[in-house]
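> Next comes the sequence, and after it the predicted model I'd like to discuss.
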Amino acid sequence: MKKIFNLFLLFSTFILVPLYADEVLATVNDEMITKKDVNEFVVKSIPGATFNSLNDVQKASVVNQMVERRLFLEDAKSTNLENDVAYQEALKKLQENLILDYWMKIKVEEILISEAEAKKYYFNNKEKFSKPSSVKVRHILLETEEEAVALIAALELSANLKEKFIRLAHAESTGPSAINGGELDWFVYEQMVPEFSEAAFGLNVGNITKQAVKTQFGYHIIYLENKKEKGSIAYKTVKEDIVKSLRLSRFKAKLDKLSKKLKKTANIIVK
């Protein structure tokens, strides 16, 4: 009896998995909208998201979009568009493009790139996988040089420079980053105006500019929070991109050969 019960549990497990995967979230005129359908829609529409990662309001909104889509589809079908000549021509083009896309996808994935080949490409093209120096700063933007000089003097007397800088940025800065205590995202040299970048990259971490930095936007006081030196992107980070690139390169070469071969046996008339 125990063996039969265990067998039943095992069988039930195999049944329950697909049932959960195809959980019905809505029906539209007896047509089911499953969790799998909705998840595929979310994955394609929102990069990095899944249906389970959404909150309840977002889930309800997505399901409603799927319901509306199904309703619109039914309404479109009721107009007998399938018999329209223009529709048939458009469908034929879509089918041709789809066949070509899948054919190319299969052919590319058939091409094997070894670990040795990928690593060789990485080490022979190191310049393509380098990352420039970058910095993370806070800044206070002011209208006059006099204001900047006065604040620099106050900051230099502070026992806790960063804390004082954040307070002054909130209170005195005219820039949009004031609300965040003057904090800016990481940036590389070329992303900012030259005067700002030259001053920022010339600082040591935890220090401020000793003089006001003049740019087209006004006068800045800059505090360097962190700095990342120039370096190489790790092989494991770019391995997948390298493999894709090598596959495509090899596929293009094969495509040229195939094109020449097919042209020899085809009846082609160019007018």
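Sure, I can see it. Because the structure is a prediction, the values reported are computed rather than measured.

> got a list of what the residue lying closest to Asp22 once chain neighbours are set aside touches?
Using C-beta to C-beta, 6 or more residues apart in numbering and skipping the chain neighbours, the partner closest in space to Asp22 is Thr34 (4.7 Å). Backbone N, C-alpha and C define where each C-beta goes, glycine included. Counting by C-beta atoms under 8 Å, 6 or more residues apart in numbering, Thr34 touches Asp22, Glu23, Val24, Leu25.

> Now do the helix or strand containing His170, average pLDDT.
Assigned by DSSP states H and E, His170 belongs to helix 161-172. Computed over helix 161-172, the mean pLDDT rounds to 96.

> on contacts alone, who are the packing partners of it?
Here helix 161-172 touches strand 134-142, helix 145-156, strand 218-228, going by 3 or more C-beta pairs under 8 Å, 6 or more residues apart in numbering; DSSP states H and E.

> try 6 Å this time
Applying 3 or more C-beta pairs under 6 Å, 6 or more residues apart in numbering; DSSP states H and E, one finds that helix 161-172 contacts strand 134-142.

> Lys92: what secondary structure?
Here Lys92 is helix, with the state taken from DSSP: H, G, I helix; E, B strand; the rest coil.

> Count the residues that sit near it.
Number of residues near Lys92 (other C-beta atoms under 10 Å) recorded here: 10.

> Would you check how far apart it and Phe187 are?
From Lys92 across to Phe187, the span is 49 Å (C-beta to C-beta, to the nearest Å).

> and if you look at Lys210?
21 Å.

> the more surrounded of these two?
A direct count of neighbours by other C-beta under 10 Å for Lys210 and Phe187 places Phe187 higher, at 16 against 10.

> I'd like to know the beta-bridge partner residues of the more buried one.
Residues in a beta bridge with Phe187, per DSSP bridges, are Val135.

> Since that was my last question, I'll sign off now.
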